[in-house]
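here are the coordinates; sequence isn't available:
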């Protein structure tokens, strides 16, 4: 019986955390690594995955466990993608999520799960206007060769291998010499190499 | 645990089928206390062709028997229905697939493909439900018990619409589809269930119609998919067609008749191509003739052929290269080095081709595991998941299934679950599958805002808050799409959710909360609400190409 109570209490706790940052839903410290997050998520799944409670709970209870698990999965994904993003800029640990100040953004306090205010606005009835550029998308405009090396550089950074990342990034630039994005990423790595924390 | 009886394996109460509905073949199985038992066809066959025939003599014929009508009545034999199910008929690849079949496909309501046989019009889920019903009946005959619950597998790259349509097919066949699971994940489950290992594996699933490759981390009973990629229109059928075209050209050259307008002839050539392909997997050359090619004005009815393995490999190299590119891509996405993959599972009939195996070995610098039976391993995984969901897995199931995976030994159990072993409750496997595509909504200026990334674990829910872009805007349309492109129009539209009767406010004042939830079946549910008034509109997206809303239960 305690298994049932445990999972219901957990679900209640998670559903109450409406605007918490990802690490809180995973019950991790803010500076946890990707590996720790993975372990935490696996641990949660072992006790709270909705599939293992199919027979023990009422449909409503199962629904709330499923919702809680789904939100934690969302937090896990957010945590991972944040880590990959920050690791691009700072391979050394620093996990403060980057809030993007938005001019037309909703107030951050009101948004459940809105670690980031909206980057865009809702479409109007007839969205008009031709967008001028695709913005600073990382992979949008890169050719496939540059993209492959850029990804490899990312992988190297996640391993903490700065020198490897530097080499891969240079290869990426050779693949796409025009890309300002790649050059700025290279500068970041070089800066990181020059004064390690 | 407090009820002792509930732990005992109860055959009558908890039988759930694991079903693979393939492009060319279907397999069904159930978990038993000692392994996995396959559902046999009328002639004792484990593999049931996914073919539905509507012969002139009347009735519906499914499976091996239906395949026989391919020569006599090619227009009345529906095969490869999986290529159309849940698809938008206007999609270019679907149009291309239509050129490869001899039956009539037309546009039906909601842009879904409709099969027309004589005066009958049938949706793709209806066609598919015939195959499922056939399997269900075979299972009921074999096990002597009615069957309701099932787990059905789908290719990892199946879209929302394809998944909905597959569930619909199950419903039409009188099955309660408890879960859709991805084929590569099912294969990994069959391989790893009960092993209790820590390892990273790759599942390379190259079947008759689709190609998928997944990287998984096995952590005890947890099966986490790290990344999955695929190509929906890439499979053995394409290889057959490549060879079939060569045979057609030969036919034109030697017999002086172009066979392409003749459906029955082309079918014969394609079947010949398939046989040659299989022969070349075992031999260095194929030589012989295809007979029975009766055409008006032809110089004979026999087409001699002589093809070496090398020639065939040159013909299919482009397709095989594509699978390798996708594999390299998925490794990058998963953040896994090829050398740290400890096992590569080959799934799907096309992995029997030596060139495919050779190229996989080049990518991983390691020989792939070819000891598993590619056609059956996915069904075993589905059966294990089905057993797990109804709660009757035992440790023996895993061991038995694994032996079967490792040895492809014949006939696990002849006639049912009457072998009684000491029961040991197995740890239930926990599957963490992934969302196959990036899901986003359209924002001002025609751009997209991502709500769920590709390769996110499912079930998952993510919520974002948006706002209005004009003063006194009382209505917003939330256009949902699938794809990675920044521009909305470059993605695949999924459907639109409308929030109406919003209070008139200056732009930017309204807070509209949009939630994307992908359930464990990989099906998207979108919810939107206005936080200021609490106006809540929830809708299941009507996906183009999927069965229409009134057909869906609930």
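Happy to help now that I have it. Just so it is clear, the structure is predicted and the values come from calculations on it, not from any experiment. Numbers count the residues shown, from 1 in each chain, chains lettered A, B, ... in the order given.

and stretch A:60-74, is it in reach of chain B?
Yes: against chain B, stretch A:60-74 shows contacts by C-beta under 8 Å from any C-beta of the partner chain at A:66, A:67, A:69, A:70, A:71, A:73, A:74. All C-beta atoms are positioned from the backbone trio N, CA, C, and that covers glycine.

Which ones among those lie within helices?
The helices, defined by DSSP state H, take in A:66, A:67, A:69, A:70, A:71, A:73, A:74 from the residues of stretch A:60-74 next to chain B.

Assess the claim that the first one and residue B:458 are in contact.
No: the pair residue A:66 and residue B:458 fails to qualify as a contact (C-beta atoms under 8 Å) at a distance of 10.9 Å.

Which neighbours do those two have in common?
residue B:519 (C-beta atoms under 8 Å, 6 or more residues apart in numbering or on different chains).

so which residue of the stretch 101-250 of chain B comes closest to chain A?
Relative to chain A, the nearest point of the stretch 101-250 of chain B is residue B:222 (4.8 Å; C-beta to the nearest C-beta).

and that residue, how many residues sit next to it?
The number of residues packed near residue B:222 is 21, by other C-beta atoms under 10 Å in any protein chain shown.

now swap in residue B:289 and tell me
Residue B:289: 13 neighbours (other C-beta under 10 Å).

Let me see the contact set for residue B:38.
B:27, B:28, B:29, B:46, B:376, B:379, B:412.

tell me which of those is nearest to residue B:182?
Set against residue B:182, the nearest of these by C-beta to C-beta is residue B:379 (13.7 Å).

Got the domain ranges for chain A?
Domain ranges of chain A: A:2-89, A:144-194, per automatic domain parsing.

now for these, which one comes closest to residue B:151?
Nearest of the domains of chain A to residue B:151, taken as C-beta to C-beta: domain A:2-89 at 11.1 Å.

Would you format the residues of stretch A:60-74 next to chain B as a markdown table with distance to residue B:317, neighbour count and pLDDT included?
Formatted as a markdown table, the residues of stretch A:60-74 next to chain B follow (distance: C-beta to C-beta, whole Å; neighbours: other C-beta atoms under 10 Å in any protein chain shown; pLDDT from 0 to 100):
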| residue | distance to residue B:317 | neighbour count | pLDDT |
| --- | --- | --- | --- |
| A:66 | 46 | 22 | 95 |
| A:67 | 48 | 17 | 94 |
| A:69 | 45 | 26 | 95 |
| A:70 | 43 | 23 | 94 |
| A:71 | 46 | 27 | 94 |
| A:73 | 40 | 25 | 95 |
| A:74 | 42 | 26 | 93 |
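
And the strands in the stretch 401-550 of chain B?
Assigned by DSSP state E, counting those that start in this stretch, the strands in the stretch 401-550 of chain B fall at B:430-434, B:439-443, B:447-452, B:457-458, B:460-466, B:476-482, B:492-499, B:512-518, B:524-530, B:536-539.

The fifth one relative to strand B:439-443, how many degrees between them?
The reference is to strand B:460-466. Put simply, strand B:460-466 runs at 10 degrees to strand B:439-443, going by axes from the mean of the first three to the mean of the last three C-alpha atoms, to 10 degrees.
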